[in-house]
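K.L.:
Provided below for reference: sequence and predicted model.
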There are 2 protein chains.
Amino acid sequence: MPMSPAGCSIADTLEVIGDRWSILILRDAFRGVRRFDELQRDLGIARNVLTDRLQKLVDHRVLMRRPYQTRPTRYEYRLTPKGRDLSPALVALMRWGDTWLAGDAGPPLVLTHRECGAPLDQAFVCWSCDTTVTPTEIGSRPGPGAKGFGRANAGISA
Amino acid sequence: MPMSPAGCSIADTLEVIGDRWSILILRDAFRGVRRFDELQRDLGIARNVLTDRLQKLVDHRVLMRRPYQTRPTRYEYRLTPKGRDLSPALVALMRWGDTWLAGDAGPPLVLTHRECGAPLDQAFVCWSCDTTVTPTEIGSRPGPGAKGFGRANAGISA
């Protein structure tokens, strides 16, 4: 996996999942839609494009391919731990759509804390202060993998 | 803004920012890279593609265009409140890259709580239980904007 010249983890992530279809395939995987034909129907995606995207996600070890039937062998695509760890990113994209695009109808889907059923929030947390942090309170500093000293490391605070 | 047939806020969000360039332009806007020529240089993007993506982000009111110079008039592109609200999504994409792609070098950039300087976490929070929630504890239910009763509303828990 080549690093981007700027050493930016957003750019690196987008090399793996930076197209609409890949993210929608992952959304479906989280929802339990895992088989080629189901994915193809659900997404209305061309079969060759779906084949290409699935192969790419398998190559990057975001999905794994498992046989669920023999004669003929058929495969399903399951999230790896690396893939499951994309849930915060997918939830953040969903929440933005809920807030800014869903309109008067309200959110199509409400995520809940399974134990109590209350709606779930997603937040920035400072464990040192044991408090949630608003985007305007976010600072940044170069990390150990920083390259160069330009604007590329000037942060992402709002 | 047409809703997707499935009424999915992830799909809706991807209609607005679902391509690699748009997300990288937004990343740069968060970093203070706001002018056409600066963006073009920083991203190494074709000028016609940059023009197209900026116009789309302005049309969706994610960025706003403001003159910073006259004779000739030149514009910069600033995040609107709607755009700034994408910070959780960009941070989530960054954190995934930090975890899974940065390798031994470590993260290029560390986000911090500006007040205390400690590294920042991003978490799911249940305010009812006053606790953070792991992805495996996430449930879901159809929201007020739900359409249909199919798998499209079957959740996004890990």
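P.N.:
Here it is on my side, so go on.
K.L.:
any idea where the strands of chain A begin and end?
P.N.:
Ranges of strands in chain A, per DSSP state E, are A:63-69, A:74-79, A:109-113, A:121-126, A:131-133, A:138-142.
K.L.:
Pull up the pairing partners for the fourth one, direction included.
P.N.:
To tie it back to what came earlier, the one meant is strand A:121-126. strand A:131-133 (antiparallel), strand B:121-126 (antiparallel) (DSSP bridges).
K.L.:
Just the CA trace of it, in PDB.
P.N.:
Backbone C-alpha positions of strand A:121-126 (Å, rounded to 0.1, in the frame of the first residue of the first chain) are rendered in PDB as follows:
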ATOM      1  CA  ASP A 121     -24.700   9.800  19.300                       C
ATOM      2  CA  GLN A 122     -21.300  10.000  17.700                       C
ATOM      3  CA  ALA A 123     -18.900  12.400  19.400                       C
ATOM      4  CA  PHE A 124     -15.300  13.500  19.800                       C
ATOM      5  CA  VAL A 125     -14.000  12.500  23.200                       C
ATOM      6  CA  CYS A 126     -11.100  13.700  25.300                       C
END
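K.L.:
measure A:E15 to A:E38 for me?
P.N.:
As judged by C-beta to C-beta, to the nearest Å, A:E15 and A:E38 stand 27 Å apart. All C-beta atoms are positioned from the backbone trio N, CA, C, and that covers glycine.
K.L.:
same deal with A:L24?
P.N.:
From A:L24 to A:E38 the distance is 13 Å (C-beta to C-beta).
K.L.:
between those two, who's got more neighbours?
P.N.:
Shown here are A:L24 and A:E38; by other C-beta atoms under 10 Å in any protein chain shown, A:L24 has more neighbours (23 against 14).
K.L.:
just so I know, which of the strands paired with strand A:121-126 lies nearest A:K56?
P.N.:
Nearest to A:K56, of all those, is strand B:121-126, at 25.8 Å by C-beta to C-beta.
K.L.:
Let me see the residues that make contact with that closest one.
P.N.:
Strand B:121-126 is contacted from outside by A:88, A:91, A:111, A:113, A:115-116, A:118, A:120-127, A:132, B:88, B:91-92, B:95, B:131-135, B:137-138, using C-beta atoms under 8 Å, 6 or more residues apart in numbering or on different chains.
K.L.:
Got a PyMOL select line for the buried ones in those?
P.N.:
Only the buried entries of the contacts of strand B:121-126 go into this PyMOL selection, using 16 or more other C-beta atoms under 10 Å in any protein chain shown:
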select buried, (chain A and resi 88+91+111+113+120+121+122+123+124+125+126+132) or (chain B and resi 88+91+92+95+132+133+135+137+138)
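K.L.:
Ok, which of the strands paired with strand A:121-126 comes nearest A:P107?
P.N.:
Per C-beta to C-beta, nearest to A:P107 of the strands paired with strand A:121-126: strand B:121-126, 15.7 Å.
K.L.:
what's the angle from that closest one to strand B:138-142?
P.N.:
60 degrees (axes from the mean of the first three to the mean of the last three C-alpha atoms, to 10 degrees).
K.L.:
any idea of the mean pLDDT in strand B:121-126?
P.N.:
Across strand B:121-126, the average pLDDT comes to 98.
K.L.:
Would you mind measuring from the residue of chain A positioned farthest from its centre to chain B?
P.N.:
The C-alpha centroid of chain A is most remote from A:R71, which lies 33.8 Å away (C-alpha atoms, centre = their mean). In this view, A:R71 and chain B are 27 Å apart by C-beta to the nearest C-beta, to the nearest Å.
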